[in-house]
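# sequence plus the predicted model coming up.
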Amino acid sequence: MSEETLKETSWQKRDESQRNGRASLLRTYIRALALLARERRLAYLLVLTNLGLAAVFLLEPWFFGRVIDALSAGKSADAWKNIGFWTAIGVAGIVTGVFSSLHADRLAHRCRMEVMAQYIEHVISLPISFHDRNHSGGLLLTMHTGTSFLFNVWLTFFRTHLSTLISVLVVIPLTLYLNWKLAIPLLGMMASFLALSIFMVRRNTKAQMAVVELNKRIGDRAGDLFANVMVIQSYLRVASEMKVVRNMLENMLNVQYPVLRGFALSSIAQRTASTLTVVVIFALGVCLNGIGEITVGGIVSFVGFAMLMLGRLEQLAYFLSDLSRQALSIGRFFTILDTCEIKQDRLDAPDLHDVRGEVVFDNVSFHYEPQHGEDPRYSLKDLSFKVLPGQMVALVGATGSGKTTALSLLYRAYDPSRGCIFVDGVDIRNVSRESLRRQMAVVFQEPGLLNRSIADNLRMGWPEASDAEVEAAAVAAQAHTFVTMKPDGYGTMVTERGRSLSGGERQRLAIARALLKNAPILVLDEATSALDVVTEMHVQKSLRNMTKPRTTIVIAHRLSTIRHADVILVLDNGLLTEQGTFDFLVQKNGMFADLVRSGEFSMDASASPANATSAPGASTTEMSRKRKPNPQR
């Protein structure tokens, strides 16, 4: 079995347990209708219009029978009077139906947009651990299918379901009142419809679960392909990847066909039973008419009620089969909305204000959530260190030593499994995440650019920044020159994930964005790894000037970055093995010195302070003097 198959997320497991419940279909339907609460006034009005529509549907067969009886008795005046009432009620039904359809459509569209906004906001607010386990393609597919199916549920509820329910509740006692003998085959048919529909839903639930899961995997696979087109084309993997996709699609069809065949057979059975029921009612009506127990008009009215009910029951059966297919996707949608994999801030959690920049790790240990019952593997073990306000600290170590994990804990992408992290003496778990992250500017390994203009990407750091401030940050990050060479300058659109830019250009924009935020704590995770030697030297000089009034914590593999750190922390398999200045650690001849000798760090011209030259453009020293760290951005 492939690794892709084995990686089943926690929310998928919860989803499966929900789907296996007998009442899950009803719960899903009720919850879908509960989302209309924001529009309750219009929803109640539409309920009233459906009551009116149900009355129109029920009165039509009754007036039909009255007209037939009047004509049979030679009372043309009574016939015309009933036709007049019938016409008036029909016109009222048309007006009511138009009102209901128009406003039901608008209501369903508004609710769909609102629920979609809730989903997007919730997903982008979930912790990194959730996104590590769930592919963006699957999340997008869940959003689109879930909201589309919810829209269908809301629309059909106001257009057919509600009036059908009202009609059924009224027709059952009405037919018994009109003629209980004719009502018996009709009620038997209704019971058969309901039993067959429930049987088909239960029979096909397991297969439909497999279809939904396969559909999600196809969405994940397609998302992978779209995100890595360059790799697929360069390695000539288009044909082989499409072979896998086509096999997945074929597997989904193989699972789907029995479901479709079952619903088709049940539809044929229901239609046959409906026809036989009408024939039986007619035949029984003829017999009863022969002994004077019912008039011709009564037979016509009763058959009209029967046809109305059978039509409604067919709609209900189709809805149940449709809902059984949609409920799994809607349930997955709800499961993601219910996902809360992060400890919520306390309601009374205070904000973090006036940060000086002291950072303390106190015996911090961390492990990721173990998979499939495995024992937890710690990425960090009893990590303790202190960063004074304004200091620059470098985290170094081999790949997988826990450097990035430590920084992730600092801005609370995760919380420690053990131990505490303090900022200015305050446990960061006791303050709101929003206020904590407001005090930090982070440059990630992946720059993370959005499909917007360069200026908009930079203003993610400070939305209210003026054009001059945006340019000043770009100058400091050595980005201004290449930006101005673009066709639209700062208005140039950055394609998805910044693919239209080089790796170095993306990193410089990410650095500029962090500098524009001007936060008291600056976190740099391999922020200059994609820059050439000369550009990296100028950026480092700018960073040193810009970081003088703030605390800076960096991960780097270049000596030019590490050499200027006040303290270097050496990590090995999650353990802090050494700490000190560059010269001290080299002279100590320990693990850090071994890393230097083994070529773990890139040697370049800027490794020596004597080789650092002034960066061209605006004076970053002057810029740093004018702008003190602003923790409110």
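Arrived safely.
# who are the contact partners of Val231?
Neighbour list for Val231: Arg237 [criterion: CB atoms under 8 Å, 6 or more residues apart in numbering]. The C-beta positions use only the backbone N, C-alpha and C, and glycine is treated the same way.
# where does the prediction get shaky in the stretch 351-500 of the chain?
By pLDDT under 70, the low-scoring segments of the stretch 351-500 of the chain are 371-373.
# quick one: the helices in it?
Taking DSSP state H, counting those that start in this stretch as the criterion, the stretch 351-500 of the chain contains helices spanning 403-410, 433-438, 454-458, 467-476, 480-484.
# doesn't Met230 belong to a helix?
Yes: in this structure, Met230 lies within a helix as judged by DSSP: H, G, I helix; E, B strand; the rest coil.
# that one: what's it in contact with?
Taking CB under 8 Å, 6+ apart, we find Met230 in contact with no residue.
# longest helix of this structure?
With residue count as the measure and DSSP state H as the assignment, the chain has helix 238-290 as its longest helix.
# helix or strand right after it?
Downstream of helix 238-290, the first helix or strand assigned by DSSP states H and E is helix 296-338.
# low-confidence ranges, the stretch 1-150 of the chain, go.
By pLDDT under 70, the weakly predicted segments of the stretch 1-150 of the chain are 1-23.
# ok, 90 please
With pLDDT under 90 as the threshold, the stretch 1-150 of the chain has low-confidence stretches at 1-106, 108, 121-142, 144-146, 149.
# helices of that one, start to end?
3-6, 10-19, 24-34, 40-72, 76-125, 128-133, 136-156.
# show me which positions of the last one end up buried.
By neighbour count on 16 or more other CB atoms under 10 Å, the buried set for helix 136-156 is 137-143, 145-147, 149-156.
# just want the most central residue of the chain.
For the chain, the residue nearest the mean C-alpha position is Val123 (4.4 Å; CA atoms, centre = their mean).
# so who does that one touch?
If you count contacts by CB under 8 Å, 6+ apart, Val123 has them with 139, 143, 336.
# my read: the second one touches Gln118, true?
No: Met143 sits out of contact with Gln118 when judged by CB atoms under 8 Å, with a separation of 10.4 Å.
# out of the helices of the stretch 351-500 of the chain, which gets nearest to Leu236?
When those are ranked by proximity to Leu236, the top entry is helix 480-484, at 32.3 Å, counting by CB to CB.
# what's the first helix or strand after the closest one?
The element immediately downstream of helix 480-484 (helix or strand, assigned by DSSP H and E) is helix 503-517.
# which elements pack onto that following helix?
Applying 3 or more CB pairs under 8 Å, 6 or more residues apart in numbering; DSSP states H and E, one finds that helix 503-517 contacts strand 440-443, helix 454-458, helix 467-476, strand 521-525, helix 533-546.
# for the shortest one, buried residues please.
Neighbour-count burial for strand 440-443, counted by 16+ other CB under 10 Å, picks out 440-443.
# same thing with stretch 218-237?
Neighbour-count burial for stretch 218-237, with 16+ other CB under 10 Å as criterion, is recorded at 218-225, 227, 232.
# rounded mean pLDDT for it, please.
pLDDT averaged over stretch 218-237 equals 82, rounded to a whole number.
# endpoints of that stretch, how far apart?
Start-to-end span of stretch 218-237 (CA to CA, to the nearest Å) is 17 Å.
# roughly how far is it from the heart of the chain?
Between the mean C-alpha location of stretch 218-237 and the chain-wide mean there is a distance of 22 Å, by CA atoms, centre = their mean, to the nearest Å.
# ok, Asp382 to Ser401 distance?
With the distance defined as CB to CB, to the nearest Å, Asp382 ends up 14 Å from Ser401.
# neighbours of the nearest residue to Val596 once chain neighbours are set aside, how many?
The spatial neighbour of Val596 that comes closest, neighbours along the chain excluded (CB to CB, 6 or more residues apart in numbering), is Val586 at 6.5 Å. Burial of Val586, expressed as a neighbour count using other CB atoms under 10 Å, amounts to 16.
# and Val586, what does it touch?
By CB under 8 Å, 6+ apart, the contact set of Val586 is 592-593, 596.
# can you check Leu509 too?
With contact taken as CB under 8 Å, 6+ apart, Leu509 is in contact with 447, 449, 454, 457-458, 474, 477, 479, 494, 498, 501.
# Leu102 now?
Leu102 makes no contacts at all, as judged by CB under 8 Å, 6+ apart.
# from Leu284, how far out is it?
When distance is defined by CB to CB, Leu102 is 42 Å away from Leu284.
# what do you get for Gln326?
Distance, Gln326 to Leu284, using CB to CB: 39 Å.
# out of those two, name the residue with the larger neighbour count.
Set side by side, Gln326 and Leu284 give different neighbour counts by other CB under 10 Å, the larger being at Gln326 (24 against 18).
# residues contacting that one?
Applying CB under 8 Å, 6+ apart to Gln326 gives the contacts 149, 152-153.
# isn't Asp518 up against Trp462?
Actually, residue 518 is Asn rather than Asp. Yes: contact status for Asn518 versus Trp462: in contact at 7.1 Å, counting by CB under 8 Å.
# next one: the residue nearest to Val596 from Thr561, what distance?
From Val586 over to Thr561 the distance is 15 Å, taken as CB to CB.
# then Gln445?
Here the distance between Gln445 and Thr561 works out to 14 Å (CB to CB).
# who's more crowded, the two?
Thr561 (29 against 15).
# can you tell me how far that one sits from Ser136?
Using CB to CB, Thr561 is found at 32 Å from Ser136.
# got the domain boundaries for this protein?
Each structural domain of the chain that the record assigns through automatic domain parsing is listed here as a residue range: 27-338, 359-626.
# ok, which of those domains comes nearest Asp345?
For the domains of the chain, distance to Asp345 was read as CB to CB. The smallest value, 4.9 Å, belongs to domain 359-626.
# which residues sit in contact with the closest residue to Arg506 other than its chain neighbours?
The shortest distance from Arg506 to any residue other than its chain neighbours is 4.1 Å, reached at Pro447 (CB to CB, 6+ apart). With contact set as CB under 8 Å, 6+ apart, Pro447 has these partners: 498, 506-507, 509-510.
# let me have those in JSON lines, extended by distance to Glu369.
As requested, these are exported to JSON lines (distance: CB to CB, whole Å):
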{"residue": "Gly498", "distance to Glu369": "30"}
{"residue": "Arg506", "distance to Glu369": "30"}
{"residue": "Gln507", "distance to Glu369": "31"}
{"residue": "Leu509", "distance to Glu369": "33"}
{"residue": "Ala510", "distance to Glu369": "28"}
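# between those residues, which is closest to Cys420?
Scanning these for proximity to Cys420, where the rule is CB to CB, the winner is Ala510, at 29.5 Å.
# and the gap between that closest one and Glu446?
Remark: distance between Ala510 and Glu446 (CB to CB) = 9 Å.
# need the overlap of contacts for the two.
Once CB under 8 Å, 6+ apart is applied, it turns out that Ala510 and Glu446 contact no residue in common.
# which one's more surrounded, those two?
More neighbours sit around Ala510 than around the other of Ala510 and Glu446, counting by other CB under 10 Å; the figures are 28 against 12.
# got the contact list for the more buried one?
Shown in contact with Ala510 (CB under 8 Å, 6+ apart): 443-444, 447-449, 527.
# determine which two of those residues are furthest apart.
Of all pairs drawn from the contacts of Ala510, the one with the largest separation by CB to CB is Leu449 and Ala527; the distance is 14.1 Å.
# which residues are in contact with stretch 300-307?
Identification of contacts with stretch 300-307 by CB under 8 Å, 6+ apart yields 58, 60-62, 64-66, 68, 171, 174-175, 178-179, 182, 186, 277-278, 281-282, 285, 294.
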